[in-house]
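K.L.:
Predicted coordinates and the sequence they were generated for:
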Amino acid sequence: GSQRVQAAFILVSTCGMCCFFMQTVAVFSTFAVSWPEELGWLFEMSAIFMFDLNGLSASCFHGTGFGGKFWTAILVPVFVILASGLGYMLTKVLPVPDLWKMLPNPTFSMLGMMLSALYITLVKVVVAFWECAENPAAERTLAKYKDVVCASDEHMEVAPAMAFGLIFYVFGFYVAFLRSAYIAPAQWANVGFRERWKFMLTRWRPDTYFWGSCVMTRNLLVAFAGLISDEPRVQLVYVVCVVVLAFTCTAVYQPWRAIVLNHYDVASSIVLTFVGVFGIIFVSLDQEIEVLQQNDLATQDKEAEQRTFAAVLSGLVAVFLALFLALGMWCMTLALPKQVDKAVEASKKECKELTALLLEKVSSSTFSEKAAVLIEESTPYDRLGLKNFLVKIDADQGSYMSGITDTLSIEKAKAMTGVASDPAPALVSA
């Protein structure tokens, strides 16, 4: 039922935010910062999200050379798309149940969901081509591939791979995303469009249908951190500013359809901000310790301070992961039959009581006078909420202004166009 779909939607969205967190941590790991050993496990885990296959013993696949590694990282999304295409064709020719058959629009949406969730990685593997780091007594080398000299023949051999990623990942996918968000209001009643771009539209309130573009822009800016400067403190400040601006907008506009996801989004971004700020502290402490060592002075106090900051940061990351697990368990609990029945009954009861209260107030002989006084004396926030409600009452049911949730909106669009409804709702619908 819809409650199970709602739980699945929250779980998938939470996983998407977790991907953003881990990818941003992986971006932090590329900066010239001496991160504490206590956080080594976190950076090793985040490396997987950057298509770093060195820890997976995949050298037999891509070889030990720079070219093989770079091409493999660039082509990972292509492998995923080809595998999905193969699965799509197999379900068409093999005798599998209808529910198992892959359909064009949902398959497109599934791939879009995966690629948008990993967009920082898609951009980062491309811009790694330009990220060069200074060396004290040697030529500039790539920040990620430290054995490759910048502008050398070995480096320039992978220029075609970089160009491929730049055209299709960095600009192609981003521009396609922005274009779809731009034309979405005009295509709101187009069932095919809504199903293809479900991954972009279904996560947000109808009034903020465009928020996926804001998230993509945030991810693009985070991935560009290595190009802003070679100085780690500048890079850290830049990422912190981008993340703070993004979660401030999230807190103001509350774009997520599920209220709990607004809270989780802001909370995870705050933890990321702490990681960045603590990174700046670690850089400063490292330099202070180096100066003390050069002057043969004691460094115990600074090292103890460094360990304290590392312990606090580890605790914050642990709280974030615990929050993610708790939210995941809550979503799984909501999918249980008993909990589904309880949630449905609670929702019906809430709607029934609210409707009864509205009718009672409207039928009152003094409603008009009291409403006028309340509108005049209430806060701008309350007036905005009332205006939002009243506008939606007479809004076109085939537009995003109607405020109807995604699944019901698509079903109404199908009814208007005579398209048959799906026998089962999509996983990320709600």
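P.N.:
Sure thing, it's come through. Numbers count the residues shown, from 1 in each chain.
K.L.:
what ranges do the strands span in the stretch 201-350 of the chain?
P.N.:
Ranges of strands within the stretch 201-350 of the chain: none, based on DSSP state E, counting those that start in this stretch.
K.L.:
any weak-confidence spans in this protein?
P.N.:
1-6, 51-64, 406-407, 416-430 (pLDDT under 70).
K.L.:
And for it, the residue most distant from the center?
P.N.:
If you look at how far each residue of the chain sits from its centre, by C-alpha atoms, centre = their mean, the farthest one is residue 365, at 50.0 Å.
K.L.:
what about stretch 168-188, how long is it end to end?
P.N.:
Using C-alpha to C-alpha, to the nearest Å, one end of stretch 168-188 lies 26 Å from the other.
K.L.:
And for that stretch, what's in contact with it?
P.N.:
With contacts defined as C-beta atoms under 8 Å, 6 or more residues apart in numbering, stretch 168-188 is touched by 77, 115-116, 119, 122-123, 126-127, 193-194, 197, 200-201, 209-210, 212-213, 216, 220, 398-400, 409, 413. No exception for glycine: its C-beta is placed from N, CA and C like everyone else's.
K.L.:
just stretch 254-272 next, same as before
P.N.:
Among residues not part of stretch 254-272, those counted as contacts by C-beta under 8 Å, 6+ apart are 6, 9-10, 13-14, 17-18, 20-21, 24-25, 202-205, 208, 211, 214, 243-244, 246-247, 250-251, 316-317, 319-320, 323, 327, 405-406, 430.
K.L.:
Need the buried ones from the contacts of stretch 168-188 selected in PyMOL.
P.N.:
A single PyMOL command suffices to select whichever of the contacts of stretch 168-188 are buried according to 16 or more other C-beta atoms under 10 Å:
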select buried, resi 77+115+116+119+122+123+126+127+193+194+197+200+201+209+210+212+213+216+220+398+400+409+413
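K.L.:
residues in contact with the residue nearest to residue 238 when sequence neighbours are not counted?
P.N.:
The spatially closest residue to residue 238, leaving aside those adjacent along the chain, is residue 228, at 5.0 Å (C-beta to C-beta, 6 or more residues apart in numbering). Residues counted as contacts of residue 228 (C-beta under 8 Å, 6+ apart) are 234, 235, 238.
K.L.:
of those, closest to residue 375?
P.N.:
Taking C-beta to C-beta as the measure, residue 238 is the one of those closest to residue 375, at 44.6 Å.
K.L.:
Quick one: neighbours of that closest one, just the number.
P.N.:
If you count neighbours by other C-beta atoms under 10 Å, residue 238 ends up with 19.
K.L.:
Which stretches in the stretch 101-250 of the chain count as helices?
P.N.:
Counting by DSSP state H, counting those that start in this stretch, the stretch 101-250 of the chain has these helices, from start to end: 104-117, 119-127, 153-156, 159-165, 174-183, 191-196, 198-201, 211-223, 225-228, 232-253.
K.L.:
got a list of contacts for the second one?
P.N.:
Surrounding helix 119-127, the residues in contact under the criterion C-beta under 8 Å, 6+ apart are 20, 23-24, 26-27, 30, 49-51, 70, 73-74, 77, 115, 162, 165-166, 169-170, 173-174, 216, 219-220, 222-224, 226-227.
K.L.:
Over to the last one?
P.N.:
Contacting residues not belonging to helix 232-253 are listed as 24, 27-28, 31-33, 208, 211, 214-215, 218, 221-222, 225-226, 228-229, 256, 262, 265-266, 269-270, 272-273, 276-277, 279-280, 283-284 [C-beta under 8 Å, 6+ apart].
K.L.:
That one: which residues count as buried?
P.N.:
Residues of helix 232-253 classed as buried by neighbour count (16+ other C-beta under 10 Å): 232-233, 235-240, 242-243, 246-247, 250.
K.L.:
do the third one as well
P.N.:
Neighbour counts using 16+ other C-beta under 10 Å place residue 155 of helix 153-156 among the buried residues.
K.L.:
other SSEs contacting it?
P.N.:
Where contact means 3 or more C-beta pairs under 8 Å, 6 or more residues apart in numbering; DSSP states H and E, helix 153-156 is packed against helix 66-93.
K.L.:
neighbours around residue 272, how many?
P.N.:
The local packing of residue 272 (other C-beta under 10 Å) involves 26 other residues.
K.L.:
actually residue 22, not the one I typed
P.N.:
As a burial measure, the neighbour count of residue 22 was computed by other C-beta under 10 Å and equals 20.
K.L.:
Would you quantify the distance from it to residue 275?
P.N.:
Relative to residue 275, residue 22 is positioned 11 Å away (C-beta to C-beta, to the nearest Å).
K.L.:
what's the answer for residue 29, then?
P.N.:
Computed as C-beta to C-beta, the residue 29 to residue 275 distance reads 10 Å.
K.L.:
These two: which is more packed in?
P.N.:
Neighbours per residue, other C-beta under 10 Å: of residue 29 and residue 275, the larger number sits with residue 275, 24 against 20.
K.L.:
doesn't residue 25 make contact with that one?
P.N.:
Yes: here residue 275 lies in contact with residue 25, judged by C-beta atoms under 8 Å, at a distance of 6.7 Å.
K.L.:
can you pull the contacts of the closest residue to residue 37 other than its chain neighbours?
P.N.:
Setting aside the residues directly before and after it, residue 37 is nearest to residue 310 in space (C-beta to C-beta, 6+ apart), at 7.9 Å. Residue 310 makes contact with 36, 37, 38, 39, 282 under the criterion C-beta under 8 Å, 6+ apart.
K.L.:
Which among the contacts of helix 119-127 count as buried?
P.N.:
The neighbour count (16+ other C-beta under 10 Å) marks 20, 23-24, 26-27, 30, 49-51, 70, 73-74, 77, 115, 162, 165-166, 169-170, 173-174, 216, 219-220, 222-224, 226 as buried among these.
K.L.:
excluding its backbone neighbours, what's nearest residue 31?
P.N.:
Once its chain neighbours are removed from consideration, residue 31 has its nearest residue in residue 232; the separation is 4.4 Å (C-beta to C-beta, 6+ apart).
K.L.:
That neighbour and residue 238: what is the separation?
P.N.:
From residue 232 over to residue 238 (counting by C-beta to C-beta), the distance is 10 Å.
K.L.:
Could you do residue 108 as well?
P.N.:
Counting by C-beta to C-beta - residue 108 and residue 238 are separated by 34 Å.
K.L.:
same question, residue 225
P.N.:
Where residue 238 is concerned, residue 225 sits at a distance of 5 Å (C-beta to C-beta).
K.L.:
Over to residue 292?
P.N.:
Counting by C-beta to C-beta - residue 292 and residue 238 are separated by 29 Å.
K.L.:
again, but for residue 386
P.N.:
To residue 238, residue 386 is 41 Å away according to C-beta to C-beta.
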